[in-house]
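*Asks:* please find the sequence and the predicted model below.
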There are 4 protein chains.
Amino acid sequence: MLIQLTENCSGQELQEIYAVVKGIGYKPSPVKTQFGSYIICTGKARVDIRLVGNLAGVRDVHVVSDPSKLVSRLWKVNTTEIPLGDDMKISRNRFTIGMGPCSIENEEQVVQMVTFLKKNGIQLMRGGIFKPRSSPYSFRGLGIDGLKIFSEHCRANGIRIVSEVMQVSQIGEMHDYVDIFQVGTRNSQNFNLLDELGRVDKPVLLKRGMSSTLDELLASAEYIFSNGNEKIILCERGIRTFEKAYRNTLDLNAIPYLKEKSHLPVFSDPSHGVGVRAYVEAMALASVMAGADGLLMEIHETPERAISDGDQSLNLMEAERAIHRIRETVRFRDGLNHA
Amino acid sequence: MLIQLTENCSGQELQEIYAVVKGIGYKPSPVKTQFGSYIICTGKARVDIRLVGNLAGVRDVHVVSDPSKLVSRLWKVNTTEIPLGDDMKISRNRFTIGMGPCSIENEEQVVQMVTFLKKNGIQLMRGGIFKPRSSPYSFRGLGIDGLKIFSEHCRANGIRIVSEVMQVSQIGEMHDYVDIFQVGTRNSQNFNLLDELGRVDKPVLLKRGMSSTLDELLASAEYIFSNGNEKIILCERGIRTFEKAYRNTLDLNAIPYLKEKSHLPVFSDPSHGVGVRAYVEAMALASVMAGADGLLMEIHETPERAISDGDQSLNLMEAERAIHRIRETVRFRDGLNHA
Amino acid sequence: MLIQLTENCSGQELQEIYAVVKGIGYKPSPVKTQFGSYIICTGKARVDIRLVGNLAGVRDVHVVSDPSKLVSRLWKVNTTEIPLGDDMKISRNRFTIGMGPCSIENEEQVVQMVTFLKKNGIQLMRGGIFKPRSSPYSFRGLGIDGLKIFSEHCRANGIRIVSEVMQVSQIGEMHDYVDIFQVGTRNSQNFNLLDELGRVDKPVLLKRGMSSTLDELLASAEYIFSNGNEKIILCERGIRTFEKAYRNTLDLNAIPYLKEKSHLPVFSDPSHGVGVRAYVEAMALASVMAGADGLLMEIHETPERAISDGDQSLNLMEAERAIHRIRETVRFRDGLNHA
Amino acid sequence: MLIQLTENCSGQELQEIYAVVKGIGYKPSPVKTQFGSYIICTGKARVDIRLVGNLAGVRDVHVVSDPSKLVSRLWKVNTTEIPLGDDMKISRNRFTIGMGPCSIENEEQVVQMVTFLKKNGIQLMRGGIFKPRSSPYSFRGLGIDGLKIFSEHCRANGIRIVSEVMQVSQIGEMHDYVDIFQVGTRNSQNFNLLDELGRVDKPVLLKRGMSSTLDELLASAEYIFSNGNEKIILCERGIRTFEKAYRNTLDLNAIPYLKEKSHLPVFSDPSHGVGVRAYVEAMALASVMAGADGLLMEIHETPERAISDGDQSLNLMEAERAIHRIRETVRFRDGLNHA
């Protein structure tokens, strides 16, 4: 059961609601976010929701049978919109393309990328400054200093930044320089990190664990939401299977499933999803038709020389072509849906 | 090494070619199909292909490093076209939609389906008459008698039939009543069946094994081709993963991979690929944008009452909508590619 | 519901039983095997089994909730024993080791193997004469002529043969020369083959499909049993996963699960299960402690020169050591269980 | 290339070594642990190791082709022993059984467990105080206060504690109260956590990620070692597959592989590995015969009432039986190996 509270629900009213909830054998968990106040009530008894619905301070009550309550579509008619300042927002009603290198390598690269993105009207740049690497001897990113340079150039050009955060202590360090915190596939069930990101007022782009089920992905999103942050983007990025012909298996079934089960925006990452440069554009367009609300893609000025993920990064010419075709496909899709 | 022979290569010339091939330490395997004569030469030595290329009777010689030779794109510039009589053909240059029930249940159903397909301009009907079922007590199809009825109505209306063959002895029985033999996911590596289908002059639609790699799928196609039948359609239909939210995981990465590696047409089966009716259309459109040359989809007049696969079958209203949208998407894709 | 009939159940009694079963809304499927007569009744209504239990001709009635009825442990107190002539049998009460090369390569090899096995007291020899190979250009086995030689030497030395059958037409050809038909991993759901093997009075060793669930394996066994053959051995042989360090992932969890769910003997094939020679013995011993009733292992006189599967075949010295250690471990296990 | 330094290698000598390493085109990374000083040199050129081997301050030089260097068996003849104080140690030469509840629930339980373990001669107790849970509304452990109680009773009875650490900030909090830090399957690639655990002088038990390859597990161990902590225990705990009959698929192939590739002790966790109480003992004994150096098992005084993982926890009677049989099996194995 999910209770939405009125904006001005008083302490007294809250106590009364708690008493009733406990009286019917449920355990109430209060949640306060940027957008509202809720009480999640977990329990097993069958309940007449009118018992709660008529109390002062209650805006609405919903029976939510899904295991993840707050991120479920069962109680929210509208879908979640995530404002990014100015006219920018992440939403099911506006398609977002985020692009950039796997790792930020140096300032020159940032300048080149920002110029490219600006020229092509892309308002979101990805780029790792803390990199999870399988070997401890590999390049692990430029760190906070790299992020500051990254941020400076993006800010100056009206471009938003999404970058991966790997641990709790980095949240504070990164906070002022990123617009969206990314949680990578290896941290998809790092519950302490999710808890902390729930206490921050910046959007979180949550990647699916490489062997997570979709219900686990939704549960991870529930961690963030239940700590106070509703600004969550779900992202499919390929799962691990027995197939050896490509890096991962992009699971586009996930897109319609997540859009039906949740009110959150759903992105696809075709770069990691297939991991082979020649197939990335096709998988981007397929993602659009599967219903994705946005894409995250790796590009590089010279993929052959990239420090990481060069095999799956588009060069700038390929990226330009892909942007054009993605936009055409989105336009076509919107036309189809509104016909 | 793959040697293409001239049409009128004589026995004498052939003997000479064999002698040279063996002389350089290779093992020659002759292949004669509807479309040409080949010699597949397997061996490890580095060879100057001019030694063979200049022999009488040789049309062309190719070094094919792929493990599956005849189905490889490395020697064939054009893609394979599969004529189905009249103006119909399966080809990368013409999109094919195949639809029909999981199992043919009765004549009334066939009539209803044929009427529906004809009205919507669909020229290929799918329908099982031998059904692989996990329980021996389940309905296992109407058998040959069902196929005769199925065939009669389709023939009368210019509709082609694709239906699953499960064992060698059925090939002869089914031969006169089907236009395309389907090999199901459980028989994808039934090598004796593949061998025999290579000796038949009817097209074969080969589904990927539910845990086969794509190189194994290509090797299965090589079995058919090397026995004499070039008319092969590859079909992605979902793989088995840990995800429980849907029946299978449709692996659309497979589409661009197979199209790059092979010259054969590549289909997608979104019905089995996701197994949830509400998501089938989205996955069909995604398949188109990933580059599929055709779709195989399950429909049923009343899915709630279907003997098998009702959960993933579209009803006729949904099917009509899907057909329209698939065709729009194909048109859009073709426009994009020719822009 | 599973009805066991008395040995001398008359036609009249049978008709009466059928009438009652149908009367309560169930569909009866008769099954007659080497060991008994049964009626499998499928339906959904709740039934008082005494209605059937008291009829003439009925030996016993069981409610079997498992989807696979005849192979289920729920109705059979004793486990299945499979006699192989003389004093030999496959049983949960006697451990069986089967060994031999992947493919039978020539007569000299057979002689060498038979000598080795006899010296070491091994009574079951494996060896492929029809080989499923991923490439059509690979060696596909010596065929029936090879089997005749294989059989001659084994018969002369009291050794039983288990060899893979790949299609229905081979059953007749092979019948007089094998003691156990093996169904390989690629044919684990080849339902026509399973049907036909159910009509033969020779044991069947059924390997798990490389991505089959255990309930699918049991359903495949149900196909054989329901066609009349109770002599079935289940065999775990490794599943396909994302791990690349070895060929397959031997799933020993399967052993206690299958032994609990079914009354059939359960074997393990550590050679295919791990696919790396150095680890085969450890996995054989682990299989014993997991509860396996037998092992199937690949050995070769010179693994480095084996036509197939040399990487996972033990040489004769390794095999001798493994046999000794397996027997010690079985003895230890039996002592533990009877302490 | 891995350079072992002498104990008293001087700063001057070190500089000279660095200069030579760089001179041959390698990048040196210094590592100082409890047990020694090393330089890991990464590069691609072929090198005559005598160039380095003859320098002052160098104890030994090894070419280590494995991607993970320090944990590789290629340079270390002896296996790693991990002392735990008094006579206790984790080692390939002494089998360790660790037991305890999934979560520490209350003091009474701790007392009961400690009594049970002491009576049965078990010196290592597991128990979660920070619990990773898929739902944010589930019980997440007693936290540090629970650990203090846990620790008090164990210390008083000479029992060591292994407990999961979920984030960097918990390391300091937990440090004085645990004997072994456990890294759970969801944090197996939490590289920041691994880095920090490398800076602590307490052993780390590292569980395999639920979809990690074994080379990734070794790379995660390399993170810990390269930060200065050699006291690492690897633990197989089941991987995620398509099989639904049990929770995970215990991959015992991993045991001989890890023991061959690494010098670290290797444990198995049959409780998570199969997740079904009735099969846990069989999988424990199988783990022993596969070569495990220790086991981690969940037990509970009343599994039916456990807050978490009750389905896979043995009750005390079952645990007692399992301990006895595990010890018998270890004794048998040791006899076999030394025969």
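*Replies:* Arrived safely.
*Asks:* on the three-state scheme, the closest residue to A:Glu164 other than its chain neighbours is what?
*Replies:* Nearest-residue entry for A:Glu164: A:Gln182, 4.3 Å, with adjacent residues in sequence omitted and distances by CB to CB, 6 or more residues apart in numbering or on different chains. All C-beta spots, glycine's among them, are computed from the backbone N, C-alpha and C. Of the three states, A:Gln182 takes strand under DSSP: H, G, I helix; E, B strand; the rest coil.
*Asks:* quick one: A:Gln182 from A:Asn337, how far?
*Replies:* Counting by CB to CB, to the nearest Å, the gap from A:Gln182 to A:Asn337 is 28 Å.
*Asks:* who's more crowded, these two?
*Replies:* Using other CB atoms under 10 Å in any protein chain shown as the criterion, A:Gln182 and A:Asn337 rank with A:Gln182 on top: 23 against 9.
*Asks:* need the pLDDT of that one.
*Replies:* Per-residue confidence for A:Gln182 comes out at a pLDDT of 98.
*Asks:* for whichever residue of the stretch 201-339 of chain A sits closest to chain D, which non-adjacent residue is spatially closest?
*Replies:* When CB to the nearest CB is the measure, the stretch 201-339 of chain A has its nearest residue to chain D at A:Ser211, with 3.1 Å between them. Using CB to CB, 6+ apart and skipping residues adjacent in sequence, the residue nearest A:Ser211 is D:Ser211, 3.1 Å away.
*Asks:* check A:Arg247 too.
*Replies:* Among residues not flanking A:Arg247 along the chain, A:Gly275 sits closest, at 2.6 Å (CB to CB, 6+ apart).
*Asks:* next one: phi and psi at the one you found?
*Replies:* Backbone dihedrals for A:Gly275, given as degrees, to the nearest 10, come out at phi 80, psi 10.
*Asks:* and for A:Gly294?
*Replies:* Taking degrees, to the nearest 10, you get phi -180, psi 170 for the backbone angles of A:Gly294.
*Asks:* kindly report the same for A:Gly53.
*Replies:* According to degrees, to the nearest 10, A:Gly53 has phi -60, psi -30.
*Asks:* again with the one 4 residues further on
*Replies:* Taking degrees, to the nearest 10, you get phi 90, psi -10 for the backbone angles of A:Gly57.
*Asks:* and the one 5 residues further on, by the same measure?
*Replies:* In terms of degrees, to the nearest 10, the main-chain angles of A:His62 are phi -130, psi 140.
*Asks:* can you pull the contacts of the residue nearest to A:Asn227 when sequence neighbours are not counted?
*Replies:* Nearest residue to A:Asn227, sequence neighbours excluded (CB to CB, 6+ apart): A:Gly198, at 2.4 Å. The contact partners of A:Gly198, taken as CB atoms under 8 Å, 6 or more residues apart in numbering or on different chains, are A:Tyr223, A:Ile224, A:Phe225, A:Ser226, A:Asn227, A:Gly228, A:Asn229.
*Asks:* take those residues and keep only those in helices.
*Replies:* Among these, the members found in helices (DSSP state H) are A:Tyr223, A:Ile224, A:Phe225, A:Ser226.
*Asks:* ok so, going back, wait, the residue nearest to A:Ser211 touches D:Ile239, no?
*Replies:* Yes. Between D:Ser211 and D:Ile239 there is a contact under CB atoms under 8 Å: 6.3 Å.
*Asks:* hmm, stretch A:255-270 touching chain B?
*Replies:* Yes. Using CB under 8 Å from any CB of the partner chain, stretch A:255-270 reaches chain B at A:Ile255, A:Pro256, A:Tyr257, A:Glu260.
*Asks:* report the buried residues of stretch A:161-174.
*Replies:* A:Ile161, A:Val162, A:Ser163, A:Glu164, A:Val165, A:Met166, A:Gln167, A:Val168, A:Gln170, A:Ile171, A:Met174 (16 or more other CB atoms under 10 Å in any protein chain shown).
*Asks:* again, but for stretch A:49-61
*Replies:* The neighbour-count check on stretch A:49-61 (16+ other CB under 10 Å) flags A:Val52, A:Leu55, A:Gly57, A:Val58, A:Val61 as buried.
*Asks:* of the residues you listed, the lowest pLDDT goes to which?
*Replies:* Lowest in pLDDT among those is A:Val52, which has 91.
*Asks:* surely it forms part of a helix?
*Replies:* Yes. Per three-state DSSP, A:Val52 lies within a helix segment.
*Asks:* counting by contacts, list what the helix or strand bottoming out on mean pLDDT in chain A packs against.
*Replies:* Counting by mean pLDDT, DSSP states H and E, the weakest-scoring helix or strand in chain A turns out to be helix A:50-53, with a mean of 89. Counting contacts by 3 or more CB pairs under 8 Å, 6 or more residues apart in numbering or on different chains; DSSP states H and E, helix A:50-53 is packed against helix A:11-23, strand A:58-62.
*Asks:* so what touches the first one?
*Replies:* Helix A:11-23 is touched from outside by A:1, A:3, A:5, A:9, A:27-28, A:30, A:39, A:41, A:51-52, A:55-58, with contacts defined as CB under 8 Å, 6+ apart.
*Asks:* hmm, 7 Å instead?
*Replies:* Where contact means CB atoms under 7 Å, 6 or more residues apart in numbering or on different chains, the residues beyond helix A:11-23 that reach it are A:Ile3, A:Pro28, A:Ile39, A:Cys41, A:Leu51, A:Val52, A:Leu55, A:Ala56, A:Gly57, A:Val58.
*Asks:* pLDDT averaged over that helix, what's the number?
*Replies:* Summarised as a single mean, pLDDT over helix A:11-23 is 94.
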